[in-house]
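Novice: sharing a sequence plus its predicted fold:
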Amino acid sequence: MDAPQPTREQLSLPNVLEALANPLRLRAVARLACAPGGLSCGELLPDVSKSTASHHWRILRESGLIEQRRDGRYVRPILRRPDLDARFPGLLDAVLANVGEIPAVPEECTTPSVPA
């Protein structure tokens with residue numbers, strides 16, 4: 001997609017943390033963490049309106065947490081885990097290990113990844 005997003009080097013910790021501070025966006029990131037191929041926008045936050053979801057995608061994209069990939073007629077948000085892990089080692093694992101209290105996040109999505 002041609003939508004603006006920061007490069008790996010441009011990722012900013014304050015921007016990432018600000019994006020993660022919203023419970024809906026945190027839930028979306030947790031769900032994307034267990035869906036490496038991405039999810040459709042409707043699957044990711046099915047309980048919000050399209051305009052609300054679009055607002056959250058923009059914030060997640062502009063903060064560098066996600067990129068949006070075209071898949072035929074659809075655009076899928078993909079978690080930029082490799083970039084985030086390279087720029088802020090351990091951040092996503094720490095965040096995901098502590099999202100258990102957020103509704104609609106499957107338990108398997110909150111388990112930190114084991115580096116290969």
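Specialist: Nice, thanks for sending it over.
Novice: what's near enough to touch the nearest residue to residue 8 once chain neighbours are set aside?
Specialist: Counting by Cβ to Cβ, 6 or more residues apart in numbering, residue 8 lies nearest to residue 83, which is 4.4 Å off, once chain neighbours are set aside. (Glycine included, C-beta is placed from N, CA and C.) By Cβ atoms under 8 Å, 6 or more residues apart in numbering, the contact list for residue 83 reads 8, 11, 64.
Novice: now the residue nearest to the spatial centre of the chain: how far from residue 73?
Specialist: Centroid check for the chain by Cα atoms, centre = their mean gives residue 29 as the closest residue, at 3.2 Å. Distance, residue 29 to residue 73, by Cβ to Cβ, to the nearest Å: 25 Å.
Novice: please apply the same query to residue 30.
Specialist: Noted for residue 30: a distance of 27 Å to residue 73, by Cβ to Cβ.
Novice: could you do residue 15 as well?
Specialist: 30 Å.
Novice: same question for residue 50.
Specialist: Residue 50 is 15 Å from residue 73, by Cβ to Cβ.
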